[in-house]
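Trainee: need the 3D shape of this:
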Amino acid sequence: MPRVRTGAWKEDINEAKEDGSLTMNIPVFVRALEIAREKIKTDDELHVFVEKIMDIDHSPLTMDDVEEVYNQYKKD
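Mentor: Okay, here's the model as predicted:
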């Protein structure tokens, strides 16, 4: 069941990190899947990519967030 956002974003973000969830719109989700499918080659790389996405401290995630995470990931 989807959670209802209350507008108290900071509290929602902390709660989301505790329960392992995050918020993004469908185009951002599709882009993250494209990166995972086309660019990431190993399970370890996928875990690093996901962990970096989970480290973002605002919600909802944007396309720029996902692209920035991937660009940082490529440099590491």
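Trainee: any regions of the protein where pLDDT drops low?
Mentor: 1-19, 76 (pLDDT under 70).
Trainee: for it, which segments count as helices?
Mentor: With helices called from DSSP state H, the chain shows them at 9-19, 26-38, 43-54, 63-75.
Trainee: show residues contacting stretch 34-49.
Mentor: 66, 69-70, 73, 76 (Cβ atoms under 8 Å, 6 or more residues apart in numbering). All C-beta spots, glycine's among them, are computed from the backbone N, C-alpha and C.
Trainee: buried ones among the residues you listed?
Mentor: With burial judged by 16 or more other Cβ atoms under 10 Å, the buried subset of the contacts of stretch 34-49 is 66, 69-70, 73.
Trainee: report the two of the residues you listed separated the most.
Mentor: Maximum pairwise distance in the buried ones among the contacts of stretch 34-49, criterion Cβ to Cβ, is 10.4 Å, between V66 and Y73.
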